[in-house]
Structures are given as C-alpha cells and as structure tokens.
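> Can you look at this prediction? I've put the sequence above it.
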Amino acid sequence: MRGRSLALALLFIASPLGAQNSGDGLALGRRMLAEDNPGELWIDRGKQLFHEKRGPKKASLEQCDFGLGPGKLEGAAVRLPRYFPDADKVQDLESRLLTCMVELQGFKREELVRTAISPPLSNGSDIEALALYITSRSNGMKVNVSLTHPKEREMYKAGEYLFHRRSGQTDFACVTCHGEPEKRIRLQDLVDMTDKKQIQEVASSWPAYRGAHFVVRTMQWRLYDCFWQMRLPELGYASDVSIALTTYLHRQGNGAVVRVPGFKR
Amino acid sequence: MKNHMKWTLACAAASTILGCATYPDPASTREAAEKMVSHDFSAPAPGMLRRLSQDKSQQLCSKIGETKLTQEEAAEVVQLARASIRYPASGKLIGDWKAGEKLAHDGAGDRIQRGQLETRKGNGGLCQNCHALAPGEINVGNVGPSLTGYGAKRGNSEEVAKFTYEKIYNAWTYFPCSKMPRLGATGHLTPEQIVHLVAYLVDPQSPLNGK
C-alpha cells in the first residue's frame, strides 16, 4: 500500500489541481494525508457486502449487472452512467446499485435512499462501501462514457442544461463557481469543470475519503452538498437530475484513469 | 420514445455524425430537464420548492457554453434589475460598519438539509466567500474582485453609497448576468442588512479601508 500511495501522492503533486493551488499549504496537507488514505478500509467492507447473502431475499449482489454482464465488475464503473434495457433508463453507479438491492435482495428502496448518505463521523453506509468497492474494480482503467443510445444523449444534454441553469436566492448554477480556472471559495480551491484536465480529476476520483467528515463520500453526495450550499431544495438521491449531471461530467472526463478512493479535504 | 425512434432513423439516413450530434434539440432538452427539476427535489415546506423555479432574468442568464447574451437581452436584464430595487424605510443608505463587518463574514442561513431549514435570525452576507475584504485577511475567496480599500478609493459620498447599495441589492443593474447573487432582489438579504454592508465598504473607520 505504501508504494502505491506514494505514487498516488506524486501524481497529485504533478496534477493541475496541485499546480494551481493558492499556496496556502492546505493542499500540501491534503496530499500528505492522502498517502495513507483511510478510504482503503471501505473497499474490503464493500467487497464483503457484495458477496454476502443479504436482505429479505437472502441474495448476494453477484447477479447484479452493471452493464458488462451479471457480476462482471472489472471495468464496469468507467462506462457509467449508461443505458440499461431492463430498467429502460440511464443509470449511474448508485442508482444501478439501488435497482439491484431492491430487485435481487428485496431491500426497500425508501429505506436504502434514506440511509445512503451517512452522517459525518459515522461508520458510513453500505451503499458508500459498495460504490467504492465496485469503482475500485476499475482502478487503472480509463473513463469511457458513451452516448450511443439516444437516452444517454438526452441525459447528457439535460445535464449540460442543468449545469448552466441559474436559480434560487443566490442565482447560482454549477458553472457560476466551476467555470473559471484558479478560483476559490474562501480558501477552498474550486474545480474548473470547463477544463479537460480538471474535469477528468472529477470523473476519476469519486468515491473519495472526505477528511472533514471521516467517511467515504460518493458522487451523489457531492452533488447533494452543492445544492445545499446553493440554498436549493434537497436533491433526491439517485434522481434523474443527479444522473443527468453525472452523465454530463463523466462524459467530459473520458480518458481519465480511475484511482479510487480519492482523497478530499 | 417517439423522439429517439425518429433520431435513430434520421441518423441511419444521414450517415453523417454531424446530424446525430445535434440530437436532442434545445427545446426538448429544456422540457426534459425542467420536468426533472420539478420531480427531483424535496423541501420541508412545499413553498420552498419555488426556489427552483427561474425568474425571467435567471432564464436569460443561463446561457450554455460560449452562447452570449444579446444586447436586447442584456437591456431586459438591466431593466428588470432596476425595477426590482427597494430602499430601506429610513432612507439612510449607510448603516453600521460593525454590523456590516459581521454580516460580510457570515456565510450561513437558509440552507436545507435532511428535511430541516437552517433557522437563524437573518442570512449571512456571503461576501467573504468570494471577495477579499480587510487588508491581511487570508481566508477569503477570489470569485469576485477584491473589495480591499473599496471606500478609501471611492469615498463615501451619497452617490457612491447609492451605487454600492444598488450593486449589492441587485448586481445585474450594472452588470447583467454577473456571477454575483442579486442579494436584495432575491430576498436573501433585507434592505436593513444591506445598508450595514454599504457602511462596511465605504465608512472610513471600517477595517476594510484600513492599512
């Protein structure tokens, strides 16, 4: 783990995010912490949860199809979100996971959604651990979101529209804070999502260990939290808005090499 | 369903990538995305869902990519902004810089989490998030321009106070579709709070205008 972590740390230093930092020392601190990413612990837990017979139907997730066939996880996450014929919907990793946990294992959807995002300082949710484990099986592979199905293209365009859609008492859209290089909210660096390199970092580093919360966070959490800060109502977990935005962002991140868990402040 | 049937046929016939890349058209995208917005959010009280609906100016200011605001649109945004401005009942536009200083460094208020609205006396001014304030302050953002020495450069005349008040109340009066929230017009801040922010910016005693 040491060797890989060091390589990871070096990668961070060489990244444009590292280079554009305000020189406040915080980024250096984050990089140092990332050398022993506690998020690694969630991977084993996710693996166990994946293979264990659970839920009212006492079934594992081994029959869950993430797009490459039942139980095939290697390289599945890099192609998400994608269109799933059985659901007749474009789904991201987390909404696909919900479908499987409901249909294969018999869990109640509302209950899963209610607990999907764990409180800070907690042990984390099952979905967070599963999402990290499944994504980790694409580590080292390139993000490759395709828009060949018309519904994928519709989701992508809806995501682009939503990314630019201003509303609420702050008049914010995503692009208000994430459309220019080298910007900060107070000391927090903002990712410029109109920059290829930086959007690739977004598409390849979630789920991530969030230092301030001491838990692993997923893309669904990241989006939910942005809407909270924008003073908008609460974004539904695995909602179409979230899937549209994720499709838009991940597609632009195509080519990025996945390395999870990421490490965030 | 019907839409993508048509698309598949069009693409097969066109045999060019260009024709397919424009699917779906902007009107269908807008319709689909707005439908998502109306279904996908929740709030402790139904009235709060209104925060999601766009007013005319927000619609005009949501251009995608390199698309620019036309001159007519910019004029409309400015006109709507000008018409939105309300002044405090007292008529006094320069309040207490100390209250303004506190507000400028307050980034909280009105957020919704786990079915709860953040309840407090008033919303924070959010200034520190995006603007450099008093000299030497480090924990400040840079999305907006530095405000350090704002009053030292401009003075605190009636004219300056009025411009500053209007700029905070509705930034789009002077800069249509600027990133800056229309803090008064959207109801995030009250006129009484804004006059304190004006004081923090223009008062010669304010630390923002110090060395």
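Arrived safely. Residues are numbered from 1 along each chain as shown, chains lettered A, B, ... in the order given.

> where in the chain is pLDDT low?
No chain was given, so I picked chain A. A:1-35 (pLDDT under 70).

> Chain B was what I was after
By pLDDT under 70, the weakly predicted segments of chain B are B:1-21.

> which residues of it fall in strands?
Applying DSSP state E to chain B gives strands spanning B:41-42, B:112-113, B:116-117.

> and of these, who's closest to chain A?
With C-beta to the nearest C-beta as the criterion, chain A lies closest to strand B:41-42 of the strands of chain B, at 3.9 Å. (Each C-beta comes from the backbone N, C-alpha and C, glycine too.)

> How far off centre is that closest one?
Relative to its chain's centre, strand B:41-42 lies at 21 Å (C-alpha atoms, centre = their mean, to the nearest Å).

> which strands and helices sit next to that strand?
strand A:234-235 (3 or more C-beta pairs under 8 Å, 6 or more residues apart in numbering or on different chains; DSSP states H and E).

> mind listing what the strand it packs on pairs with, with the direction of each?
strand B:41-42 (antiparallel) (DSSP bridges).

> In the stretch 51-200 of chain A, what residue comes closest to chain B?
A:P150 (3.1 Å).

> what comes up buried for stretch B:84-92?
Neighbour-count burial for stretch B:84-92 flags B:84, B:87 (criterion: 16 or more other C-beta atoms under 10 Å in any protein chain shown).

> what's the answer for stretch B:113-120, then?
In stretch B:113-120, counting by 16+ other C-beta under 10 Å, buried: nothing.

> ok, now how distant is the most centrally placed residue in chain B from B:S57?
The residue lying closest to the centre of chain B (C-alpha atoms, centre = their mean) is B:P181, at 1.8 Å. Noted for B:P181: a distance of 12 Å to B:S57, by C-beta to C-beta, to the nearest Å.

> Leaving out the residues flanking it, which one is nearest to B:E137?
In space, and not counting its chain neighbours, B:E137 is closest to B:Q128: 7.8 Å by C-beta to C-beta, 6 or more residues apart in numbering or on different chains.

> count of neighbours near that neighbour?
Using other C-beta atoms under 10 Å in any protein chain shown, B:Q128 is surrounded by 21 other residues.

> before we move on, what about B:V143?
B:V143 has 16 nearby residues by other C-beta under 10 Å.

> Let's check: the centremost residue of chain A is which one?
A:M219 (2.9 Å).

> Can you report how many residues lie near the closest residue to A:G140 other than its chain neighbours?
Distance criterion C-beta to C-beta, 6+ apart; nearest residue to A:G140, sequence neighbours excluded, is A:V257 at 6.3 Å. Close neighbours of A:V257, defined as other C-beta under 10 Å, add up to 14.

> give me every residue that touches the residue nearest to B:E137.
Contact analysis of B:Q128 by C-beta atoms under 8 Å, 6 or more residues apart in numbering or on different chains lists A:186, B:104-105, B:107, B:137, B:139-141.

> for A:F214, same thing?
Contact analysis of A:F214 by C-beta under 8 Å, 6+ apart lists A:38, A:120-121.

> A:S205 too?
Contact partners of A:S205, counting by C-beta under 8 Å, 6+ apart, are A:259-260, A:262-264.

> Could you pull up the residues touching B:R120?
B:108-109.

> how close does it sit to A:Y248?
Distance from B:R120 to A:Y248, by C-beta to C-beta: 34 Å.

> Equivalent analysis for A:L104, please.
In terms of C-beta to C-beta, A:L104 sits 29 Å off from A:Y248.

> neighbour count winner among those two?
Set side by side, A:L104 and A:Y248 show more neighbours around A:Y248, with 24 against 19, by other C-beta under 10 Å.

> ok, and the closest non-adjacent residue to that one?
Nearest to A:Y248 is A:G159, by C-beta to C-beta, 6+ apart, at 2.8 Å.

> how about the strands of the stretch 151-265 of chain A, start to end?
With DSSP state E, counting those that start in this stretch as the criterion, the stretch 151-265 of chain A has strands at A:184-185, A:188-189, A:208-210, A:215-217, A:234-235, A:262-264.

> As a check, name the ranges of all helices in chain B.
B:2-14, B:17-21, B:26-39, B:56-60, B:71-84, B:97-104, B:127-130, B:150-154, B:158-169, B:191-202 (DSSP state H).

> Would you reformat those helices as a markdown table and include distance to A:L235?
As requested, the helices of chain B are exported to a markdown table (distance: least, C-beta to C-beta, whole Å):
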| stretch | distance to A:L235 |
| --- | --- |
| helix B:2-14 | 26 |
| helix B:17-21 | 29 |
| helix B:26-39 | 10 |
| helix B:56-60 | 18 |
| helix B:71-84 | 27 |
| helix B:97-104 | 28 |
| helix B:127-130 | 21 |
| helix B:150-154 | 36 |
| helix B:158-169 | 29 |
| helix B:191-202 | 28 |
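
> Of the ones you listed, give the one that comes closest to A:A59.
helix B:26-39 (30.1 Å; C-beta to C-beta).

> Just the buried positions in the closest one, please.
Buried, per 16+ other C-beta under 10 Å, within helix B:26-39: B:29-30, B:32-34, B:36-37.

> residues in contact with the closest residue to A:H149 other than its chain neighbours?
Nearest residue to A:H149 in three dimensions, chain neighbours excluded: A:Y83, at 4.0 Å (C-beta to C-beta, 6+ apart). Each residue near A:Y83 by C-beta under 8 Å, 6+ apart is listed here: A:89-90, A:149, A:151-152.

> now A:Y248
Taking C-beta under 8 Å, 6+ apart, we find A:Y248 in contact with A:155-156, A:158-160, A:162-163.

> Tell me which of those fall in helices.
Using DSSP H, the contacts of A:Y248 in helices are A:155-156, A:158-160, A:162-163.

> Identify the residues contacting stretch B:92-101?
Residues contacting stretch B:92-101 (C-beta under 8 Å, 6+ apart): B:87, B:125, B:134, B:156, B:158, B:161-162, B:164-165, B:192, B:195-203, B:205-208.

> Please read the previous query as pertaining to stretch B:176-186.
Outside stretch B:176-186, the residues that reach it (C-beta under 8 Å, 6+ apart) are A:168-172, A:176, B:57, B:60-61, B:63, B:69, B:73-74, B:77-78, B:81, B:84-86, B:125-126, B:130, B:143-144, B:168-172, B:188-191, B:194.

> Now for B:K98, how many residues are close by?
B:K98 has 15 nearby residues by other C-beta under 10 Å.

> nope, B:A199 is what I meant
26.

> How much space separates it from B:G155?
14 Å.
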